[in-house]
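1. What shape does this take:
(one chain, ligands or ions: 1)
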Amino acid sequence: MDGTLTERRDLVGLTRAELAAELARIGLPAFRAGQVWHWIYHRGARDFEEMTTLAKPLRAELARSFAISRPNEAQRQDSADGTRKWLLRFADGREAETVYIPEEDRGALCMSSQVGCVLTCAFCHTGTQRLVRNLTASEIVGQMLVARDAYGEWPSPREARMLSNIVMMGMGEPLYNYDNVAKALTILMDNEGVAISRRRITLSTAGVVPMIERVGEELRVKLAVSLHAVTDELRDELVPINRKYPIAELLAACRAYPGAKNARRITFEYVMLKGVNDSPADARALVRLIAGIPAKLNLIPFNPWPGAPFECSTDAAIAAFAAIVNKAGYSAPVRTPRGRDIMAACGQLRSASERMRTSAAAAV
Ligand code: SAH
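-> Sure thing, here's the model as predicted:
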């Protein structure tokens, strides 16, 4: 690679204040940061040459000092149902996946926060891959930029967007990489850029209890909690972080979640595992547990992966479970699995870091 290229500072992933500070280093006044921000996040510029409201010499000067980076698209797969999965490769060769899930008049981008994961949830494919590293704010924002490029959503459409929502539900535990996730989401929410409102962003956690309050206070996005079991005994096995932060503590944090009013109901995710957590008694216990929390349920049919030690509950068991939860006054849609044919559904992501590992081992 060209030496000058690697020295150029990446502008993607900087807050507005940081961007202004970077530009000030080469003597540019603050209003230039506003212009550059607009080009990167509203217009989708990938190159300073595109910034036609700046004089040519200024563009050249910016290009000498800075870069506007994108992760590389290592692979792209399209599902028969319209779901699209990207395997993105970052500057150091590490990889993570991002999934676009279209709905009728909108769509969500399911973004990753880490390469691999430390949580080792028993039913999750990503959990069989050890944590490699956190993603940087630039790499998290970059997932959205790549998707916007692919669907041609530049300049940021005011309405009728394909990429209307964000779910932080890809690989990794976002609350173990809070600072970068928070920075990335703040950038993506900025009104003069990608402009995705906090009401259209959902952050999912397996239950990093001490961080939950900050999500509500600082980011004010919607919260989803991967509950999956109604007893500590079972949850300890399925979602091992439960040994550190058991159900009672997790639910206390949910009860205290700032703004958990009806408009910002907490979503409890519950993976349906045949014969493990899917009985009517489980459903009744679930309803008792979450009593008093403005909540909805998201029943996720288990998505299989090679070697998984579980099976998906039967349709009848899922319907019976949903009926009990519904009757107690909670909305409990059963999530239709999307993108299973390309291993893009919940819990199926596992970057080809497997491959990375093999090649790293070969290199030793
Ligand atoms: N670490 C965060 C973000 C991952 S979100 C969290 O745990 O919430 C992905 C969601 O898919 C979580 O609710 C996860 O528990 C669920 N999931 C994982 N593996 C799954 C599988 N095989 N089938 C269905 N859902 C799964």
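2. Please make it C-alpha for all contacts and neighbour counts, starting now.
-> Fine.
3. what about the longest helix seen in the chain and the ligand, any contact?
-> Using DSSP state H, we find that the single longest helix of the chain is helix 137-151. No: using CA under 6 Å from any ligand atom, we find that helix 137-151 stays clear of the ligand, coming within 13.9 Å at best.
4. That helix - what's its average pLDDT?
-> Mean pLDDT, helix 137-151: 98.
5. excluding its backbone neighbours, what's nearest Y100?
-> L109 (4.5 Å; CA to CA, 6 or more residues apart in numbering).
6. Would you confirm that the one you found belongs to a strand?
-> Yes: following the definition DSSP: H, G, I helix; E, B strand; the rest coil, L109 is counted among the residues of a strand.
7. hang on, isn't it packed against I101?
-> Yes: counting by CA atoms under 8 Å, I101 is a contact partner of L109 at 6.3 Å.
8. Name the residues that touch the longest helix of the chain?
-> Contacts of helix 137-151 with the rest of the structure, by CA atoms under 8 Å, 6 or more residues apart in numbering, involve 12-14, 44, 69-71, 88, 90, 98, 100, 109, 111-113, 154, 162-163, 180-181, 183-185, 187-188.
9. cutoff 7 Å now
-> Defining contact as CA atoms under 7 Å, 6 or more residues apart in numbering, one finds that helix 137-151 is touched by 12-13, 70-71, 98, 111, 113, 154, 180-181, 183-184, 188.
10. how about a markdown table for those residues, with distance to L19 added?
-> Below are the contacts of helix 137-151 laid out as a markdown table (distance: CA to CA, whole Å):
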| residue | distance to L19 |
| --- | --- |
| V12 | 9 |
| G13 | 9 |
| R70 | 17 |
| P71 | 20 |
| T98 | 26 |
| M111 | 23 |
| S113 | 22 |
| W154 | 21 |
| N180 | 16 |
| V181 | 18 |
| K183 | 13 |
| A184 | 14 |
| L188 | 15 |
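11. Mind putting these into CSV with pLDDT, distance to M272 and neighbour count?
-> Output for the contacts of helix 137-151, formatted as CSV (pLDDT from 0 to 100; distance: CA to CA, whole Å; neighbours: other CA atoms under 10 Å):
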residue, pLDDT, distance to M272, neighbour count
V12, 98, 39, 24
G13, 98, 37, 24
R70, 96, 37, 21
P71, 98, 34, 21
T98, 96, 23, 28
M111, 98, 23, 25
S113, 98, 24, 30
W154, 96, 39, 16
N180, 98, 31, 22
V181, 98, 28, 27
K183, 98, 33, 20
A184, 98, 32, 24
L188, 98, 32, 24
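12. so of those, which ones are in strands?
-> Those of those mapping onto strands are T98, per DSSP state E.
13. Nearest to L131, out of the contacts of helix 137-151: which one, please.
-> Proximity of the contacts of helix 137-151 to L131, judged by CA to CA, is greatest for S113, which lies at 11.0 Å.
14. Hmm, that closest one is touching G172, no?
-> Yes: checked against CA atoms under 7 Å, the pair S113 and G172 is within contact range at 5.3 Å.
15. Distance of the residue nearest to C346 when sequence neighbours are not counted relative to R32?
-> With CA to CA, 6+ apart as the measure, N303 is the residue that lies nearest to C346, at 6.8 Å, once sequence neighbours are left out. Using CA to CA, to the nearest Å, one gets 48 Å for the distance from N303 to R32.
16. neighbour count winner among the two?
-> Relative neighbour count places N303 above the other of N303 and R32, with 24 against 15, counting by other CA atoms under 10 Å.
17. check contacts around that one.
-> The contact partners of N303, by CA under 7 Å, 6+ apart, come to C312, A345, C346, G347, Q348.
18. Show the end-to-end separation of stretch 50-61, please.
-> The first-to-last residue distance of stretch 50-61 comes to 14 Å (CA to CA).
19. In it, which residues are buried?
-> By neighbour count with 16 or more other CA atoms under 10 Å, stretch 50-61 contains the buried residues M51, R59.
20. Let me know the secondary structure of L203.
-> For L203, the secondary-structure state derived from three-state DSSP is strand.
21. before we move on, what about L250?
-> Here L250 takes the helix state, with states given by three-state DSSP.
22. Next, work out how far apart it and the ligand are.
-> Between L250 and the ligand the computed distance is 13 Å (CA to the nearest ligand atom, to the nearest Å).
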